[in-house]
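Visitor: Turn this into a model:
(one chain, ligands or ions: 1)
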Amino acid sequence: MRFMKTNKALLEERNKHVPQGPFNVHPIFAQEAKGSILIDVEGKEYIDFAGGIGVSNVGHCNEAVLGVIQDQIQKYIHTCFHVVMYEPYIELAKRLNAITPGNFPKKTMLANSGAEGVENAVKVARHVTGRNAIIAFEDAFHGRTLLALSLTSKMKPYKFGFGPYAPEIYRMPYAYCYRCEFGLEYPSCEIECAYFLKEFFHTHISSEQVAALVVEPVLGEGGFVVPPKEYFKIIHKICQDNGIVLIADEVQTGFGRTAKMFAMEHYEIAPDIMVMAKSMAGGLPLSAVTGKAEMMDHPQVGGLGGTFAGNPVACRAALAVLDEFEKGDLLPKAGQIGRKVHIRFKALQEKYSLIGDVRGLGAMIGMELVVDRKTKEPATALTKQLVDLCREKGLLMISAGTHSNIIRPLMPLTITDQQLEKGLSILEESISEVQHSQNF
Ligand SMILES: Cc1ncc(COP(=O)(O)O)c(C=O)c1O
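Guide: Numbers count the residues shown, from 1 in each chain. Purely as a prediction, here's the structure:
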């Protein structure tokens, strides 16, 4: 294959041969990536605060992951688990069953992407309960396949023009304290947004028709929104009282991002079913659905699966990722990153009125940009300007939020102190420029 060398030339080719739908945040092409550094085809080096949207928690081209990939591809790359089984699938299921929250027997099935994982979790919940309805949340993101897309909240660009959406999906407000839909403030709110679920059964869908409630422990694409610590215990209890399967979508929060292996550990609850993907296999496509054994075993033989689901190379990579976490440094490191980023973001908030809110959990710390702190009007265009400016200065960043006005760093947890410091300095410099360009 002949590689063309400039970003501009490749972009022209890209526009000629690839539709516009598959979006691109940055108009650059990768040459190589290692740890937290990405180099483009023109040799420009970037500190990577995007990590391929939260996929590179153990760093780009992690040595341990590379080693097992190289070993596995010499043996076999694909047999299809449904035709001839292989041990790495079983070993990975066993380890995920052991490390996910919940002291009950569990089973795990594997798939290819986060969306596919979410869809399988919903299939299991419907099969178990014999019910149809699913409760999802405002600002949620669960993927782009049609059922996952229907669970996703944001209209443009994700859902617009792609209907009809899957039926029997009902949407609750999330615990978005900065923009509380109930006009309340924590803690005097007494977590009204969680107890609202009971009212929801009267106003939107009867509890006995609800198969599952699907929820992200912290909104990822929705903008790093962290519910109060009491929130999920209340939601969990209401689900239990009403025979509703609680599905935690840990696709973005999983594998150390929040300084615990899984974010639900912060809330001290064990969901019935958990979905994982993104950072699980060090950059290879893989997702997992882990849940109560009696639930996961409910669908009939042949009811779950897929040609590539649980690819052996990806399973070996995921096992290597778990080994990296078992060494014990990564979770404390995520905590350190989070504390550092939080302190820096808070200091920036004091200086720049553009930053309306700073929030997060572990290393999942975001800042919400607003045009006016009183009206909280989202600073959508300025956020894009900031992301572009960061790139020009050598920092890869992505935004999030229904109004694309939230900065969400997803740097590898292996980032060095120096790289982190440099990235944060670029971000600060860029915020200062954006703020001053506006004469706030
Ligand atoms: C919480 C969450 N769920 C599901 C998905 C969908 O995952 P995928 O893009 O692998 O289908 C994402 C992707 O960003 C996500 O953040």
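Visitor: Number of residues surrounding the closest residue to the ligand within the chain?
Guide: Taking CB to the nearest ligand atom as the measure, the chain has Gly114 as its residue closest to the ligand, at 2.2 Å. Where you see a C-beta, it was placed from the backbone N, CA and C, and this is true even at glycine. A total of 29 residues lie near Gly114 under the criterion other CB atoms under 10 Å.
Visitor: go on, Ser353?
Guide: Residue neighbour count, defined by other CB under 10 Å, stands at 14 for Ser353.
Visitor: Ser437 too?
Guide: Ser437 has 11 neighbours, counted by other CB under 10 Å.
Visitor: For the residue of the chain closest to the ligand, give me its contacts.
Guide: When contacts are counted by CB atoms under 8 Å, 6 or more residues apart in numbering, Gly114 is found next to 142-143, 148, 249, 251-252, 275, 277-278, 287.
Visitor: same question, Arg14
Guide: Shown here is Arg14, whose contacts under the criterion CB under 8 Å, 6+ apart are Asn24.
Visitor: in which helix or strand would I find it?
Guide: Taking DSSP states H and E as the criterion, Arg14 maps to helix 7-17.
Visitor: Need the mean per-residue confidence for the helix or strand that that helix is followed by.
Guide: On the C-terminal side of helix 7-17, the closest following helix or strand by DSSP H and E is strand 30-34. Averaged across strand 30-34, pLDDT comes to 97.
Visitor: now for strand 30-34, which elements pack on it?
Guide: Contacting strand 30-34 under the criterion 3 or more CB pairs under 8 Å, 6 or more residues apart in numbering; DSSP states H and E are the following elements: strand 37-40.
Visitor: before we move on, back to that, quick one: the residue of the chain closest to the ligand and Gly52, what's the gap?
Guide: Remark: distance between Gly114 and Gly52 (CB to CB, to the nearest Å) = 13 Å.
Visitor: and this protein, which residues reach the ligand?
Guide: Along the chain, the residues adjacent to the ligand under the rule CB under 6 Å from any ligand atom are 53, 113-115, 118, 141-143, 216, 220-221, 249, 251-252, 277.
Visitor: I'd like to know which of those are part of helices.
Guide: Counting by DSSP state H, the members of those that fall within helices are 53, 114-115, 118.
Visitor: In stretch 170-180, which residues are buried?
Guide: For stretch 170-180, the neighbour count (16 or more other CB atoms under 10 Å) marks 170-177, 179 as buried.
Visitor: again with stretch 368-380
Guide: Along stretch 368-380, these residues count as buried under the neighbour rule (16+ other CB under 10 Å): 368-371, 378-380.
Visitor: could the residues you listed go into TSV alongside secondary structure?
Guide: As requested, those are arranged in TSV below (DSSP: H, G, I helix; E, B strand; the rest coil):
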residue	secondary structure
Glu368	strand
Leu369	strand
Val370	strand
Val371	strand
Pro378	strand
Ala379	coil
Thr380	helix
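Visitor: What pLDDT is listed against the residue most central in space within the chain?
Guide: Note on the chain: the residue nearest the mean C-alpha position is Gln252, at 2.0 Å, using CA atoms, centre = their mean. Note on Gln252: pLDDT of 98.
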